[in-house]
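[1] My questions concern the predicted model and sequence given below.
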Amino acid sequence: MSPALRTLFSFCLGALFWLAPCSAVFADSYLCEGDLLTAERTNLGQEAIGAVLEPIPNSSDGTVPGDGILLHWRNLNLQLPRTNNAGPPSYTDGRWWWRVEDVDHPEFRQRKASIETYSCEAQVEGANPLNNRNS
């Protein structure tokens, strides 16, 4: 192998190892109260901890405490940390709450004077979110 090819190979291999630990982002689309909501899971907890020999306690659905979710809805951009609650992953900042126990109807709530619950349903693949209909 020529020195130039070896250098190129080393560079590509180094770039691969540099990119590999980047967190995966999982995005899903929903219609909440007739408006498009996108949810992007961010896996930051595992990255902060690094490699571990044993499973992290309270891991659920590929998430660990320290992970988060980005919600984009109407004119809001919410970054919610994952709770340490048992069961399906839930996310809250104390005012907003998000949990997907039923993939077709996630829970989206806001705490004001009382709890306001927003009706959400999974976005049908290929549907046009601009017409505010899920068909």
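    Yep, it's here. Residues are numbered from 1 along each chain as shown.

[2] only C-alpha atoms for contact and neighbour calcs from this point on.
    Fine.

[3] and residue 94, that one's in a strand?
    No. Under DSSP: H, G, I helix; E, B strand; the rest coil, residue 94 falls outside any strand and is assigned coil.

[4] If we ignore the residues flanking it in sequence, what's nearest it?
    Spatially, and ignoring its direct neighbours in sequence, residue 94 is nearest to residue 111 (7.6 Å; CA to CA, 6 or more residues apart in numbering).

[5] give me every residue that touches that neighbour.
    Contact analysis of residue 111 by CA atoms under 8 Å, 6 or more residues apart in numbering lists 94, 95, 96.

[6] Can you tell me the closest non-neighbouring residue to residue 82?
    residue 91 is the one closest to residue 82 (CA to CA, 6+ apart), at 4.2 Å.

[7] Now do the one you found against residue 63, distance only.
    For residue 91, the distance to residue 63 equals 11 Å [CA to CA, to the nearest Å].

[8] With neighbour numbers in mind, choose between these two.
    residue 91 (23 against 20; other CA atoms under 10 Å).

[9] which residues are in contact with stretch 89-96?
    With CA under 8 Å, 6+ apart, stretch 89-96 has contacts from 60-61, 63, 68-69, 80-83, 97-100, 108-112.

[10] Restricted to strands, list these.
    Among the contacts of stretch 89-96, the members falling in strands (DSSP state E) are 68, 69, 80, 81, 97, 98, 99, 108, 109, 110, 111.

[11] count of residues packed around the closest residue to the first one other than its chain neighbours?
    The shortest distance from residue 68 to any non-neighbouring residue, by CA to CA, 6+ apart, is to residue 81 (4.3 Å). Counted with other CA under 10 Å, the neighbours of residue 81 add up to 23.

[12] Sounds good, over and out.
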